[in-house]
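S.K.: sharing a model prediction with you, sequence too.
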Amino acid sequence: MTEGAETTQMTGAPARYWSRLADGRLQCDLCPRLCKLQDGQRGLCFVRGRAGDSMVLTTYGRSSGFCIDPIEKKPLNHFLPGTPVMSFGTAGCNLTCKFCQNWDISKSREMDRLMDQAPPEAIARAAARTGCRSVAYTYNDPVIFLEYAVDTAAACREQGIKNVAVSAGYICAEPRVEFYAAMDAVNIDLKAFTQDFYTRLCSSQLDAVLETLKYIRHETDVWLEITTLLIPGENDSEAELEALTQWVIENLGPDVPLHFSAFHADHKMRDKPSTPLDTLLRAWRIARKNGVRHVYTGNVHHKETASTYCHSCGLRLIGRDWYELSDWTLRDGNVCSRCGTQCVGVFEDQPGQWGAKRQPVRIGEFS
């Protein structure tokens, strides 16, 4: 049996990206894990499995819940600042991160009684009627519910709603094309910059994530930002931060925003202390020194390093206090009002006014 596979009776929507092996097993070709399944087995992600002679997605049209968030919470600081985004996830994950901070969703095995029924068209209607500018596929990794996310994204685009993915980027080359073609913005969680970390704490491969980052940056029009959760003693050394930020500059360029977020004890990693502010500020300085133009700290209250600055003259373009926006010195959408330098991103003439609110939504009201 494939590592992590479970044998169950299952139903679901037809899943794409699989192949039949010579020994009769079906191989899931969605992510580099390549789970090989007998009838009734689920992959490590738990939501994709074999039913008879085909693969199914068991969570299509079913969600762990919906909430309207500030777009900055994804985090996306250069994509429609200040606007509301409707966020949702399903269940399962194709990584095994011991520090997962959404583990109650990503590792759930009891979603049948928890999930809201949420067809793609109802999600799009709910987003439009509640004034959301975008829908975020988040909480657990959306690549594992690709078919559901892609169909929802199409329904959202018909309503003029943008699509946002929050993902670890662990996906194979062929499905990667379809998935990111459906998205307008993405934040990729770059867990660390050593294979040892990915092996011990995530059971995955760093190189596959780096390939996804290069693909998004150079072969799509999707707006890209990156987040690294800094865990004391695991991925916060000066040498690793130097290597990570230099790779970003050399392979993605200076304009991809980079977020360093604070860790707090959770899931299977409760023996680690929270990330000190000094560690985040050190990472911020290293990234700036190496040429990353837009660097941010997250999960801490530090306005100076949460704000956006003109990389040319240093003017504060967007002030942020947690998720509340203050200063706004851009003109004509994305131009520094002092020196005329363009700020990269997806901006409008004025920021949204959503602020830091969180508003739960019941999709059934829009079905």
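M.R.: Received it, and whenever you're ready, just let me know what you need.
S.K.: from the chain's centroid, how far away is the longest strand that the chain contains?
M.R.: If you go by DSSP state E, the chain has its longest strand at strand 223-230. Here strand 223-230 shows a centroid-to-chain-centroid distance of 8 Å under the convention CA atoms, centre = their mean, to the nearest Å.
S.K.: in the next helix or strand after it, what counts as buried?
M.R.: Using DSSP states H and E, the next helix or strand after strand 223-230 towards the C-terminus is helix 238-252. Of the residues in helix 238-252, 240, 241, 244, 245, 246, 248, 249, 252 count as buried by neighbour count, 16 or more other CB atoms under 10 Å. C-betas here are computed from N, CA, C, even on glycine.
S.K.: strands of the stretch 201-350 of the chain, start to end?
M.R.: 223-230, 258-262, 295-298, 308-309, 316-321, 324-328, 330-331, 335-336 (DSSP state E, counting those that start in this stretch).
S.K.: got those strands as a markdown table, with mean neighbour count and mean pLDDT columns?
M.R.: Listed next are the strands of the stretch 201-350 of the chain as a markdown table, based on neighbours: other CB atoms under 10 Å; pLDDT from 0 to 100:
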| stretch | mean neighbour count | mean pLDDT |
| --- | --- | --- |
| strand 223-230 | 22 | 98 |
| strand 258-262 | 24 | 97 |
| strand 295-298 | 22 | 97 |
| strand 308-309 | 23 | 98 |
| strand 316-321 | 20 | 96 |
| strand 324-328 | 16 | 95 |
| strand 330-331 | 18 | 97 |
| strand 335-336 | 18 | 98 |
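S.K.: JSON lines for the ones you listed, including distance to residue 365?
M.R.: Shown next, in JSON lines, are the strands of the stretch 201-350 of the chain (distance: least, CB to CB, whole Å):
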{"stretch": "strand 223-230", "distance to residue 365": "30"}
{"stretch": "strand 258-262", "distance to residue 365": "33"}
{"stretch": "strand 295-298", "distance to residue 365": "32"}
{"stretch": "strand 308-309", "distance to residue 365": "36"}
{"stretch": "strand 316-321", "distance to residue 365": "32"}
{"stretch": "strand 324-328", "distance to residue 365": "28"}
{"stretch": "strand 330-331", "distance to residue 365": "36"}
{"stretch": "strand 335-336", "distance to residue 365": "41"}
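S.K.: was I right about residue 121 contacting residue 159?
M.R.: No - in this structure residue 121 lies outside contact range of residue 159 using CB atoms under 8 Å: 9.2 Å.
S.K.: picking that back up, can you tell which of the strands of the stretch 201-350 of the chain is closest to residue 202?
M.R.: strand 223-230 (11.4 Å; CB to CB).
S.K.: how about the closest one as PDB, C-alpha atoms only?
M.R.: What follows is strand 223-230 as a C-alpha-only set of coordinates in PDB (Å, rounded to 0.1, in the frame of the first residue of the first chain):
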ATOM      1  CA  TRP A 223       0.600  37.800  -9.300                       C
ATOM      2  CA  LEU A 224       3.100  36.000  -7.000                       C
ATOM      3  CA  GLU A 225       4.100  36.600  -3.300                       C
ATOM      4  CA  ILE A 226       6.000  34.200  -1.100                       C
ATOM      5  CA  THR A 227       5.800  33.400   2.600                       C
ATOM      6  CA  THR A 228       8.300  31.600   4.900                       C
ATOM      7  CA  LEU A 229       7.300  30.800   8.400                       C
ATOM      8  CA  LEU A 230      10.500  31.100  10.500                       C
END
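S.K.: name the residues that touch that strand?
M.R.: Applying CB atoms under 8 Å, 6 or more residues apart in numbering, the contact partners of strand 223-230 are 75-79, 99, 101, 184-192, 213, 216-217, 235-236, 244, 248, 252, 256-263, 275, 279-280, 283, 298, 345-346.
S.K.: tilt between that strand and helix 238-252?
M.R.: For strand 223-230 against helix 238-252, the angle by axes from the mean of the first three to the mean of the last three CA atoms, to 10 degrees is 170 degrees.
S.K.: what pairs with strand 223-230, and is each one parallel or antiparallel?
M.R.: strand 185-189 (parallel), strand 258-262 (parallel) (DSSP bridges).
S.K.: so which residues of this structure form helices?
M.R.: For the chain, the helices defined by DSSP state H occupy 103-106, 120-129, 146-158, 173-181, 195-197, 206-219, 238-252, 277-289, 303-306.
S.K.: returning to that earlier point: so for residue 325, which of the strands paired with strand 223-230 sits nearest?
M.R.: In this view, the strands paired with strand 223-230 are compared for proximity to residue 325 by CB to CB, and strand 258-262 is the closest at 16.4 Å.
S.K.: alpha carbons of that closest one, as PDB, please.
M.R.: C-alpha atoms of strand 258-262 as PDB (Å, rounded to 0.1, in the frame of the first residue of the first chain):
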ATOM      1  CA  LEU A 258       8.700  38.100   0.400                       C
ATOM      2  CA  HIS A 259       6.900  37.600   3.800                       C
ATOM      3  CA  PHE A 260       8.600  36.300   6.900                       C
ATOM      4  CA  SER A 261       6.100  35.200   9.500                       C
ATOM      5  CA  ALA A 262       6.300  34.300  13.100                       C
END
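S.K.: before I go, just wanted to say thanks for your time.
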